[in-house]
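Asks: Curious how this folds, go ahead:
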Amino acid sequence: MSLETIAYVLATLTAGGGITGYARTGSIPSIAAGLTVGSLYGLGGYRIANRQPYGVELALLASVVLAGSSIPRAIKTAKPLPIGLSLLATYGLFNFGMAYANRTR
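Replies: Numbers count the residues shown, from 1 in each chain. Next up, the predicted model:
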């Protein structure tokens, strides 16, 4: 799977998760976080697809933000949603981290 496809899938999943969290609980922070992280992934994917600078870095930033917020919550609560978000973040960290490390200078 290409990096831009991974970014677009993660954008959809995180934004959809924020919207779902808002729909279920009425949580404004949930929708704000989901849409913000989803937008970072989407913008990163767009920039990767168009060979513009900082696409991989934006997607990596989104993964770091998602991991920073979801992994501690997954450890603390052991609920399925934070665990799923942690897995998505880890997947993004691996893919975009490898792409960042292997970029040509």
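Asks: ok, Gly17 - how many residues close by?
Replies: Counted with other Cβ atoms under 10 Å, the neighbours of Gly17 add up to 23. Bear in mind the C-beta positions are built from the backbone N, C-alpha and C, glycine included.
Asks: doesn't Pro80 make contact with it?
Replies: No. Here Gly17 does not reach Pro80: they are 11.6 Å apart, not a contact under Cβ atoms under 8 Å.
Asks: For stretch 44-53, what does the pLDDT average out to?
Replies: Stretch 44-53 shows a mean pLDDT of 95.
Asks: Can you point out the buried residues in it?
Replies: 44-48 (16 or more other Cβ atoms under 10 Å).
Asks: Can you give me the end-to-end span of that stretch?
Replies: Distance between the two ends of stretch 44-53: 9 Å, counting by Cα to Cα, to the nearest Å.
Asks: where exactly do the helices run in the protein?
Replies: Taking DSSP state H as the criterion, the chain carries its helices at 3-25, 28-49, 55-77, 80-101.
Asks: So what touches the second one?
Replies: Contacts of helix 28-49 from elsewhere in the structure, counted by Cβ atoms under 8 Å, 6 or more residues apart in numbering, are 3-8, 10-19, 21-22, 52-62, 65-66, 69, 92, 96.
Asks: Of those residues, keep whichever come out buried.
Replies: Among the contacts of helix 28-49, those buried by neighbour count (16+ other Cβ under 10 Å) are 3-4, 6-8, 10-11, 13-15, 17-18, 21-22, 55-56, 58-62, 65-66, 69, 92, 96.
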